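Enquirer: With the sequence up front, the predicted model follows.
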Amino acid sequence: MFAKLAFRNVKRQLGNYLIYFITVSLTVALMFAVNSVIFEEELLARAQTIDDLRTALILITVVISVIVAFVLGYATSFMLKLRKREFGTYLTLGMTRANIMSVFLLESLLLCAVSLVTGILLGLGFYQGLMAVVTNVMDVDFSFAAYSLKGLILTIGLVFAIFALSSAASAVFLKRVSIYNLLHGAKKTEKAVRHPVVWCCLAAAALIGIIVSIVVFGDAAKVLIGDVDNGRLSRVVISLATLGGCVIVFHIGLSRGVIGLLMHNKKLKNRGTNIFTLRQLSGKLSSGSILIGLLAFLISFAVVGANASFTQQIGTNAILDRDYPFDVSSMGRSHTELQITFDEAEQIVSKYSPIKNRVDFTVYTDGSRYVHEFTDKTDSGYWFYYDVYIEESAFNSVY
Amino acid sequence: MNKILEVKNVTKYYGGGQAITKALDGISLDVEKGEFVAIMGASGSGKSTLLNVIATIDNVSSGDIILDGQNICDCSDKALASFRRDKLGFIFQDYNLLDTLTVEENIILPLNLARVPKDKTDALLKDIAVKLGVEDKLKQFPYELSGGQRQRASAARALITSPSLVLADEPTGALDSKNSKLLMGTFNMMNADLGATILMVTHDAVVGSYASRVLFLKDGKIWSELVRGNKSRQDMYAEIISVTSALGGDGDVR
Ligand SMILES: Nc1ncnc2c1ncn2[C@@H]1O[C@H](COP(=O)(O)OP(=O)(O)O)[C@@H](O)[C@H]1O
Ligand SMILES: [Mg+2]
């Protein structure tokens, strides 16, 4: 009976549950992808030298775990809120609280399991993408990353631990709450819509915010790919964060404002059951808004993560280009090593890269260290103990 | 004398600290089998609170409520659940039908919860659906029905278990006056033909005039009482109006 009731409910309220499902799946997918990268053996072997990357990945799992906990906890309370009246009605019809808890747990378990499976399937794809990014940052060749069982187990374990926690919280709530509150509690909060015009303005402002942040993001992201500029990166991050926030405010503002205005309209209000339908609509809009906002955040997070690492990679390349402008450089310490001839040097270089063209130039010095003192290489043990000069025409032909 | 309900010196406080409200102030009343009692009074006089504590969906601060010889104030959660299932029927202002179930599934839900066998359930459903005039709506969902039809469906759900007491809080609150009168006709039928004992809260004098007895509340106390006896409904209505105007005059205002 209870299993049937739970199943029937999920089936008939698919619309409401879809948001829950998408959000939880995406979060799980992200978490699974990061967890898999952490346990990627080959990568780890190389990452020993890049400690920062490892710390960053662990940090990301922690952040994602917190997000998963928040999403699952919020989604559970969202479903509970949707069902308050229903559960109150069950109680008046003679169900015990234990019965209701089992219906609710069964239902959220069903949803959570389905989201977990979908999330992991999605995560299999996310993981390949993430590996492409990470290997790109580390400058490792990448074709297809192997999946690790540990990452899978960690993900499932974490999700179930968080699920158990949020279920326990709702069980405690269901045990304590009075039937009166279940039946009438939700209605009271929805009734109190004050200043609907202000909410409408907020919704409009948020809509403008959404559009502006999308435009700014698109603009900044376009240039970001080819250009390294920290100002632009922060613009991307800020615009995405604004996008997430605006999505939330837009929904809340719309539900409160428009519904509030409609409810202030006497003619509409007095038409029988309209008010009840409106309240339900308002309730649905405002309770769905935070989940939708979270969804926007999650997508932003993934995009920012990918972008930031690509940018970092581009940045590193740019610094390399500046400091080491040649494909191959060979430097000898003339006072400690044996001198080699130019032909010998050319042979060494050609081992690494074919030589297209040879330019000879003369290096001059007056033996002073005057210019050298102004560089940041002053005391880094450089072997240029004195100032050296080349002719401008020689410089132009080399660079 | 066959008392179904005894309310003895019941007090109910809401809130705590400085914002404390005394919603019921040492109230006592009896309801006998086969009665149709209406509780009237101004908004905030404690009508809903009284119904809710009798319905066991809210608890009393002090006093006793005895239903069918059983004191409900010292029952366990599980005992209260089966008590609500077997002895009480609820009809709410906003119907409280479940949107995800069809009308039929809504009506038989209490029987399903009590694990009544299918053939008996079907027979009971057919009988009550015909009596309440919802037999052609059974396969539809609540949102496809009019307000009056929904309230009749929820009355069918309340009556299908033949409860000792039917509790209704503003059952006509969301209906227009025509449908309110139709529903009250149905309540009279439930009371006379089906033998249902009904305790109903209303603020509407027309609705109250269908009852066999009317209790008036003021500030959480019973202020006065009217018995229909052999009076016509019109006379009853006139008397209710005169009592409510003496009470404070906002009898028909929420
Ligand atoms: N859940 C509650 N919390 C606090 N006060 C309440 C609550 N329910 C009712 N009250 C207060 O108790 C009093 C009686 O309320 P109620 O029984 O709903 O009146 P009625 O149904 O006659 O309009 C009112 O003053 C009301 O404000
Ligand atoms: Mg009331």
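Expert: Good, I have the coordinates. Ligands and ions are numbered 1, 2, ... in the order given.
Enquirer: and residue B:9, what helix or strand is that in?
Expert: Assigned by DSSP states H and E, residue B:9 belongs to strand B:3-14.
Enquirer: nope, residue B:79 is what I was after
Expert: Using DSSP H and E, residue B:79 falls within helix B:77-87.
Enquirer: next one: residue A:71
Expert: According to DSSP H and E, residue A:71 maps onto helix A:51-92.
Enquirer: Which strands or helices does that helix pack on?
Expert: Contact here means 3 or more Cβ pairs under 8 Å, 6 or more residues apart in numbering or on different chains; DSSP states H and E; on that basis helix A:51-92 packs against helix A:14-38, helix A:41-47, helix A:97-138, helix A:149-176, helix A:179-191, helix A:274-323, helix B:77-87. Where C-beta positions appear, they are placed from N, C-alpha and C, glycine not excepted.
Enquirer: Mean confidence (pLDDT) on it, please.
Expert: Helix A:51-92 shows a mean pLDDT of 74.
Enquirer: per-residue confidence at residue 18?
Expert: Since no chain was named, I'll use chain A. pLDDT for residue A:18: 74.
Enquirer: ah, no, chain B please
Expert: 72.
Enquirer: so is it in a helix, a strand, or just coil?
Expert: coil (DSSP: H, G, I helix; E, B strand; the rest coil).
Enquirer: quick one, helices of chain B?
Expert: B:47-54, B:77-87, B:103-113, B:118-131, B:147-159, B:177-192, B:205-208, B:233-247 (DSSP state H).
Enquirer: Among those, which comes closest to residue A:170?
Expert: Shortest distance between residue A:170 and the helices of chain B, using Cβ to Cβ, is found for helix B:77-87: 17.2 Å.
Enquirer: which residues touch the closest one?
Expert: The contact list for helix B:77-87 (Cβ atoms under 8 Å, 6 or more residues apart in numbering or on different chains) reads A:91-99, B:55-56, B:67-68, B:70, B:72, B:75, B:110, B:113-114, B:161, B:163-165.
Enquirer: quick one, that helix and helix A:149-176 angle?
Expert: 60 degrees (axes from the mean of the first three to the mean of the last three Cα atoms, to 10 degrees).
Enquirer: Against residue B:150, how distant is the single nearest residue of the stretch 151-254 of chain B relative to chain A?
Expert: At 6.1 Å from chain A, residue B:174 is the closest residue in the stretch 151-254 of chain B, using Cβ to the nearest Cβ. The gap separating residue B:174 from residue B:150 is 9 Å, by Cβ to Cβ, to the nearest Å.
Enquirer: Now for the two: what residues contact both?
Expert: Shared contacts of residue B:174 and residue B:150, counting by Cβ under 8 Å, 6+ apart, come down to residue B:95.
Enquirer: more neighbours, the two?
Expert: The neighbour count for residue B:174 versus residue B:150, taken as other Cβ atoms under 10 Å in any protein chain shown, is higher for residue B:150 (24 against 20).
Enquirer: Quick check: residues of chain B near ligand 1?
Expert: Neighbours of ligand 1 within chain B, by Cβ under 6 Å from any ligand atom: B:14-15, B:21, B:23, B:41, B:43-49.
Enquirer: re earlier: using CSV, lay out the helices of chain B together with mean pLDDT.
Expert: Formatted as CSV, the helices of chain B follow (pLDDT from 0 to 100):
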stretch, mean pLDDT
helix B:47-54, 92
helix B:77-87, 86
helix B:103-113, 89
helix B:118-131, 91
helix B:147-159, 90
helix B:177-192, 87
helix B:205-208, 91
helix B:233-247, 89
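Enquirer: Counting neighbours, what do you get for residue A:26?
Expert: 23.
Enquirer: ok so, going back, could you pick out the buried ones from the residues of chain B next to ligand 1?
Expert: B:23, B:41, B:45-49 (16 or more other Cβ atoms under 10 Å in any protein chain shown).
Enquirer: Nearest to ligand 1: which residue in chain A?
Expert: Residue nearest to ligand 1 within chain A (Cβ to the nearest ligand atom): residue A:180, separated by 6.5 Å.
Enquirer: Surely that residue touches residue B:57?
Expert: Yes: counting by Cβ atoms under 8 Å, residue A:180 does reach residue B:57; the two are 5.2 Å apart.
Enquirer: which SS class is residue A:356?
Expert: Quick answer, by three-state DSSP: residue A:356 is coil.
Enquirer: OK, contacts around it?
Expert: Going by Cβ under 8 Å, 6+ apart, residue A:356 touches no other residue.
Enquirer: backbone phi and psi for it, please?
Expert: Main-chain torsions, residue A:356, degrees, to the nearest 10: phi -90, psi -30.
Enquirer: so where does the one residue in the stretch 1-150 of chain A that gets nearest to chain B fall, helix or strand?
Expert: As assessed by Cβ to the nearest Cβ, chain B sits closest to residue A:94 within the stretch 1-150 of chain A, at 2.2 Å. Following DSSP H and E, one finds residue A:94 outside all helices and strands.
Enquirer: Number of residues surrounding it?
Expert: 21.
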